[in-house]
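Q: coordinates only, sequence not included:
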């Protein structure tokens, strides 16, 4: 009987100690109140006083389950402190270290172990336990003046710095989420497709979007670092800047609001020089109506003119207006690439026909007699030489239309002569032809047998 009672007592004591151990295991680590000596199970006594820590929208996991001593240590009195001194080491007991400090570039606050500079270790109104909402949190260190501009990049305007930057670590400079332009392409997918498929890509675009665009804020449209119509382009295109500034006549397109962008795509194109369209199509996009020139004269509707005149000059056939015209500007009449007299009459000099001699042989107007250089001859008399090579020579445009005609050899129907449109009256025959210019008598020429004109 005594043995039985002793056995029951032993079982009771064993059960009691097991219950105590189980309670400690279930509730987590226990602490002792220094003042009362009472056992505090699961740190719940901390939460009794620090209840606000669990009332915010976001609560740190260890706080939510009242496991304060996972981060804090007992000191024998009501004073808790972090363990150890470098907070990041404490954080890395739960958070995988490789996710924060294993890459090439580590955010300085992370490198210094100052996790709590950005994160509240207990609770927060903001996701990820951030101390402030983006971008105000970032502006604790980074100068807010960077966005004090007229135009703010979308992610920055919405306070989403981490769309582009990793707040902890990165393998790319400036803590970017991806390499160079790939960061931009996460949103600007249309530009990525164009760059991959276009025949010509602007060099700065290949290098980096931030060559031209500010990723945060700017006073210029499209996040450009300078006025996109001309100023930004001319920062790199210094030769063009000098040329445009020095020429007498600038192309009218440069005076428009779009400036360079009127003709060029700043990113990519399927046409040389980043042109927006095929060169002549681009020109006719503006020259599809009468335009007032800088000298006050009215330029014709070139699109309609070419449509109504089928015999096109060589450069026009090649759809290359820039063969004769400088698209940026020139010191010459009608922004021509080389000098050409703007008048009906001009004294003969090689330099006066520099434009035409870019393609045509000089000997055409230097040789008095020929049977091979030209079909415009009376016998062997070179009639080009007769017209041009004199002190009061007729310029090429006295007879020829430089763009297009419906006559052979680009002969004009008429030519402006003061207030009169002087008719040329050209007729072609098998071996020659004739001209009846205005009030002058008709003159004939024959390549086989020279005609004696009165």
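A: That came in fine, so what should we check first? If you're wondering where the values come from, they're calculated on a predicted model, not measured in any experiment. Numbers count the residues shown, from 1 in each chain.
Q: pLDDT score for the residue nearest to residue 89 when sequence neighbours are not counted?
A: Of all residues not flanking residue 89 in the chain, residue 113 sits nearest, at 6.9 Å (CB to CB, 6 or more residues apart in numbering). No exception for glycine: its C-beta is placed from N, CA and C like everyone else's. If you check residue 113, the pLDDT there is 90.
Q: how far away is residue 113 from residue 339?
A: Distance, residue 113 to residue 339, by CB to CB, to the nearest Å: 73 Å.
Q: same deal with residue 348?
A: In terms of CB to CB, residue 348 sits 13 Å off from residue 339.
Q: with residue 427 instead?
A: Distance of residue 427 to residue 339, given as CB to CB: 32 Å.
Q: ok now the helix or strand where residue 433 lies, how far from the chain's centre?
A: Secondary structure assignment for residue 433, by DSSP states H and E: strand 432-435. Taking CA atoms, centre = their mean, to the nearest Å, one finds strand 432-435 lying 57 Å from the centre of the chain it belongs to.
Q: packing partners for it?
A: strand 427-428, strand 443-446 (3 or more CB pairs under 8 Å, 6 or more residues apart in numbering; DSSP states H and E).
Q: in that strand, which residues are buried?
A: 432, 433, 434, 435 (16 or more other CB atoms under 10 Å).
Q: can you tell me how far the closest residue to residue 281 other than its chain neighbours is from residue 275?
A: Spatial nearest neighbour of residue 281, chain neighbours left out: residue 319 (7.5 Å); criterion: CB to CB, 6+ apart. The gap separating residue 319 from residue 275 is 12 Å, by CB to CB.
Q: give the intersection of the neighbour lists for these two.
A: When CB atoms under 8 Å, 6 or more residues apart in numbering defines a contact, no residue borders residue 319 and residue 275 alike.
Q: how about stretch 108-122: buried residues?
A: Result for stretch 108-122 [16+ other CB under 10 Å]: buried residues 109, 110, 113, 115, 116, 117, 118, 119, 120, 121, 122.
Q: then stretch 231-238?
A: 232, 233, 234.
Q: what about those residues, which are in helices?
A: Under the assignment DSSP state H, those contribute 232, 233, 234 to helices.
Q: tell me the pLDDT of the second one.
A: Pointing back at residue 233 there. Reported pLDDT for residue 233: 95.
Q: residue numbering should commence at 34 henceforth.
A: Okay, using 34 as the starting number, the last item reads as residue 266.
Q: pretty sure residue 256 sits against residue 186.
A: Yes - taking contacts as CB atoms under 8 Å, residue 256 lies within contact range of residue 186: 5.6 Å.
Q: spit out the residues that contact these two alike.
A: 247, 248, 250.
Q: what's the neighbour count on the second one?
A: Neighbourhood size, residue 248 [other CB atoms under 10 Å]: 18.
Q: ok, now residue 369?
A: Residue 369 has 19 nearby residues by other CB under 10 Å.
Q: for residue 184, give me its contacts.
A: Counted by CB under 8 Å, 6+ apart, residue 184 has contacts 250, 251, 252, 253, 254, 255, 256.
Q: hmm, try it at 10 Å
A: Contact partners of residue 184, counting by CB atoms under 10 Å, 6 or more residues apart in numbering, are 190, 247, 250, 251, 252, 253, 254, 255, 256, 257.
Q: out of those residues, which are buried?
A: By 16+ other CB under 10 Å, the contacts of residue 184 give 247, 250, 251, 253, 256, 257 as buried.
Q: go through stretch 432-444 and flag the buried ones.
A: 432, 433, 434, 435, 436, 437, 438, 440, 443, 444.
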